[in-house]
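> With the input below, show me the fold.
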Amino acid sequence: MAGRAARLMLLAGAAALACASQGDREPVYRDCVRRCEERNCSGGALKHFRSRQPIYMSLAGWSCRDDCKYECMWITVSLYLQEGHRVPQFHGKWPFSRFLFFQEPASAAASFLNGLASLVMLCRYRASVPATSPMYPTCVAFAWVSLNAWFWSTVFHTRDTELTEKMDYFCASTVVLHSIYLCCIRTVGLQRPAVARFFRAFLLLLLTAHVSYLSLISFDYGYNMAANVAIGLINMMWWLSWGLWNWRVLPHARKCVAMALLLQGLALLELLDFPPLFWVLDAHAIWHLSTIPVHVLFFSFLEDDSLYLLKEAEVMFKLD
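Got it, this is the predicted structure:
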């Protein structure tokens, strides 16, 4: 669910470091990249590079310059380790051992598994909850929004580009805003549809303005962090308040409380920033893996709550 919100609340501005990190500021790294490009990325050498480059690498958009940066990164890391220094970051990221065309294999796999878990729970929800349930359309829409976000998260960790970074950020924000809308429907909208329609229009306007500013004016990491911290806090507090308010009345509300608390607790894993174990598994990948059961828990809550609302609606219909 809003596991991505928890990440954004803590680290949405971390990408601001991507402009320059210790590793890519090193003269040895810069000189290595320059010499590699001169040697391999022009004229006949470039044609030779393209002829020997695996097709899956070219399809994923790995260029000669990207390959130079990757090779020079490891040369620089090797020099740092030989001198007994701490492993540096490059362009805002730890050095990862590339697998096939996957730039961050563990995070890409974890994002894919989160998406798969969301798909499985969507199928389960549609199989067990009748379409007549009051929350059915909103929950199904939320599942598709989540699937889209995890798709772009997988793509971003597979290949970090300006486009994939923006899509990862924008889709993550969309999930959080849709989660807020979902909570609005559950707490207010079922009794006051006009309020829900107004709130939906407001959130769509907010998302449009957010994406437009970052895309057309300035991709301001500081603003993006502040915006996502705000919506993440609103989302967490709204769901947590509803769950605590209904703790005694609705047993399944406890799943909602557990989900909100777990997401915030697990997000602290991101603060344990360390060089990747075996150059593959870092704190971010571990966080992604840890959110998989939380998604299952949240969709289980949505399933229980939707069935409860359907039963309640049927009782009210009989009374009328």
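> CA atoms for contacts and neighbours, from now on please.
OK.
> May I see the buried residues of the strand or helix carrying W144?
For W144, the host element (DSSP states H and E) is helix 136-158. Buried positions in helix 136-158, judged by neighbour count with 16 or more other CA atoms under 10 Å: 136, 138-140, 142-158.
> I'd like the next helix or strand past it.
Following helix 136-158 in sequence, per DSSP H and E, is helix 162-184.
> Pull out the buried positions in that following helix.
164-184.
> Could you report the pLDDT at Y70?
Note for Y70: predicted pLDDT of 90.
> Walk me through the domains of this protein.
For the chain, automatic domain parsing gives the domain ranges 21-82, 100-319.
> Let me have the ones you listed in CSV, adding distance to G92 as columns.
Below are these laid out as CSV (distance: least, CA to CA, whole Å):
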stretch, distance to G92
domain 21-82, 6
domain 100-319, 11
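> what ranges do the helices span in the protein?
Applying DSSP state H to the chain gives helices spanning 3-11, 22-25, 27-40, 43-52, 55-59, 64-82, 105-128, 136-158, 162-184, 193-212, 221-245, 253-267, 283-319.
> and those helices, which is most packed in?
Across the helices of the chain, averaging neighbours per residue (mean count of other CA atoms under 10 Å) puts helix 3-11 on top, at a mean of 24.
> pLDDT of it, averaged?
45.
> that older thread, how distant is the helix holding W144 from the center of its chain?
On the basis of CA atoms, centre = their mean, to the nearest Å, helix 136-158 sits 9 Å off its chain's mean C-alpha point.
> Go through the domains of the chain and find the least confident stretch.
domain 21-82 (a mean of 86).
> quick one on the thing from earlier: now do the helix holding W144 against helix 283-319, angle only.
Here the directions of helix 136-158 and helix 283-319 differ by 170 degrees (axes from the mean of the first three to the mean of the last three CA atoms, to 10 degrees).
> Once you drop chain neighbours, what's closest to C256?
G243 (5.6 Å; CA to CA, 6 or more residues apart in numbering).
> cool, L46 as well?
Nearest non-adjacent residue to L46, counting by CA to CA, 6+ apart: N40, 5.5 Å away.
> E104: neighbour count?
Using other CA atoms under 10 Å, the number of residues around E104 comes to 27.
> quick one, what contacts it?
Contacts for E104 were tallied using CA atoms under 8 Å, 6 or more residues apart in numbering; they are 96-98, 157-159, 280.
> Spit out the contact partners of the nearest residue to N114 once chain neighbours are set aside.
Nearest residue to N114, sequence neighbours excluded (CA to CA, 6+ apart): I292, at 5.2 Å. By CA under 8 Å, 6+ apart, I292 lies in contact with 113-114, 117.
> mind saving the C-alpha coords of stretch 287-296 as PDB?
The C-alpha coordinates for stretch 287-296 follow below in PDB (Å, rounded to 0.1, in the frame of the first residue of the first chain):
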ATOM      1  CA  TRP A 287      13.000  -2.500   3.000                       C
ATOM      2  CA  HIS A 288      11.300  -3.500  -0.200                       C
ATOM      3  CA  LEU A 289      11.400  -7.100   0.700                       C
ATOM      4  CA  SER A 290      10.000  -6.400   4.200                       C
ATOM      5  CA  THR A 291       6.900  -4.500   2.700                       C
ATOM      6  CA  ILE A 292       5.700  -7.600   0.800                       C
ATOM      7  CA  PRO A 293       3.800  -9.100   3.800                       C
ATOM      8  CA  VAL A 294       2.500  -5.700   4.800                       C
ATOM      9  CA  HIS A 295       0.800  -5.300   1.400                       C
ATOM     10  CA  VAL A 296      -0.800  -8.700   1.900                       C
END
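> from the middle of its chain, how far away would it be?
On CA atoms, centre = their mean, the centre of stretch 287-296 falls 12 Å from that of its chain.
> do the same with stretch 275-293
Taking mean C-alpha positions (CA atoms, centre = their mean), stretch 275-293 and its chain are 13 Å apart.
> Endpoints of it, how far apart?
Start and end residues of stretch 275-293 are separated by 25 Å (CA to CA, to the nearest Å).
> circling back to that earlier point, dump the helices of the chain to CSV, plus distance to F90.
Formatted as CSV, the helices of the chain follow (distance: least, CA to CA, whole Å):
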stretch, distance to F90
helix 3-11, 17
helix 22-25, 5
helix 27-40, 10
helix 43-52, 24
helix 55-59, 21
helix 64-82, 7
helix 105-128, 17
helix 136-158, 15
helix 162-184, 16
helix 193-212, 27
helix 221-245, 18
helix 253-267, 23
helix 283-319, 16
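> Could you say which one of the ones you listed comes nearest to F274?
helix 283-319 (6.7 Å; CA to CA).
> any idea of the angle the closest one forms with helix 105-128?
Using the same axes, to 10 degrees: helix 283-319 against helix 105-128 is 10 degrees.
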